[in-house]
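S.K.: predicted structure and sequence below. I'll ask about it afterward.
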Amino acid sequence: MQIRHLRPSDYRVMPWKNGLGTTTEIAVDPPGAGLDDFVWRLSIADLAASGPFSTFPGIERIILQTEGDPMELVHEARGRRRLSLLSPYRFDGAWPTHGELGGTPARDFNVMARQAHVRPSAAVHSLARGSRVCLCLAAETQILHVFRGKVVIRVDGSNTATDLLGAETLIVEGQAEIEVAADVEDAVVFVAAFDGSRPRSA
């Protein structure tokens, strides 16, 4: 099992695939992979205006809007979906998609996973001070990102705890039981998981 603690200084800013903006890449597998050869990817996008999303054939996407008025995603010939803040929404990266802002700039989290390799999931946990949640996910990779507050994390009951602050990320490679506690203040934590049960291409 491997554990990585990432801070904002570890993230990298990259242009969108369609060249219409930039994204902050939090983590990618394999490390250093580009937009055409990643297995999974987690990033933040800031949207100042409505416009088309980049297309990613073969990629399963989960989007989570974290700031701004809820925007609407319009999937060409496949309907539309108005997002709710902090509510994950899953769609096929190959779908031509247009994002319509709700009147203010928006920020969203993007989880991307190559369909032939891994299956992604995402959830948000709002923890009141003094509460905790146990993540018992049968996934090869689990990623925690703190939206607000501070949490204390223990992996597989270890006596060594990791303090995770706002905008920081913890990546746990290998199946593990993770305890997340909001000991001193309320916290909001995003959790992405990647299940590698799908066979990898040769």
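M.R.: It's in.
S.K.: shaky segments in the protein?
M.R.: Within the chain, the segments meeting pLDDT under 70 span 197-202.
S.K.: which residue sits farthest out from the middle of it?
M.R.: In the chain, the residue that sits farthest from the middle, by C-alpha atoms, centre = their mean, is Asn159; the gap is 27.5 Å.
S.K.: now do Val189 against Ile143, distance only.
M.R.: Using C-beta to C-beta, to the nearest Å, Val189 is found at 11 Å from Ile143. Every residue, glycine included, has its C-beta placed from N, CA and C.
S.K.: how is the residue farthest from the centre of the chain assigned, secondary-structure-wise?
M.R.: Assigned by DSSP: H, G, I helix; E, B strand; the rest coil, the conformation of Asn159 is coil.
S.K.: the one 5 residues further on now?
M.R.: Three-state assignment for Leu164 (three-state DSSP): strand.
S.K.: so it sits against Val151, correct?
M.R.: Yes. With contact defined as C-beta atoms under 8 Å, Leu164 and Val151 form a contacting pair (5.1 Å).
S.K.: who touches both of the two?
M.R.: Residues within reach of Leu164 and of Val151 at once, by C-beta atoms under 8 Å, 6 or more residues apart in numbering, are 144, 189.
S.K.: between these two, which is the more surrounded one?
M.R.: The neighbour comparison of Leu164 against Val151 (other C-beta atoms under 10 Å) goes to Val151, with 28 against 23.
S.K.: what sits against that one?
M.R.: Residues near Val151 by C-beta under 8 Å, 6+ apart: 127, 144, 163-164, 180-183, 187, 189.
S.K.: could I have the buried ones of the residues you listed as ChimeraX selection syntax?
M.R.: Only the buried entries of these go into this ChimeraX selection, using 16 or more other C-beta atoms under 10 Å:
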select :127,144,164,180,181,182,187,189
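S.K.: just the contacts of Val151: which are in strands?
M.R.: Among the contacts of Val151, the members found in strands (DSSP state E) are 127, 144, 163-164, 180-182, 187, 189.
S.K.: nearest to Val111 among these?
M.R.: Proximity of those to Val111 (C-beta to C-beta) peaks at Leu144, which lies at 12.8 Å.
S.K.: now stretch 190-198, how far from the chain's geometric center?
M.R.: Here stretch 190-198 is found 10 Å from its chain centre; the criterion is C-alpha atoms, centre = their mean, to the nearest Å.
S.K.: residues making contact with the helix or strand containing Glu25?
M.R.: In this assignment (DSSP states H and E), Glu25 forms part of strand 22-29. Residues outside strand 22-29 that contact it (C-beta under 8 Å, 6+ apart): 4, 6, 11-16, 38-46, 110, 141, 143, 145, 169, 171, 194.
S.K.: can you give me the buried ones in it?
M.R.: Neighbour-count burial for strand 22-29 flags 23, 25-29 (criterion: 16+ other C-beta under 10 Å).
S.K.: residues in contact with Gly68?
M.R.: Contacts of Gly68 by C-beta under 8 Å, 6+ apart are 47, 101-102, 104-107.
S.K.: hmm, back to that, buried ones among the contacts of strand 22-29?
M.R.: Using 16+ other C-beta under 10 Å, the buried ones in the contacts of strand 22-29 are 6, 11, 16, 38-45, 110, 141, 143, 145, 169, 171, 194.
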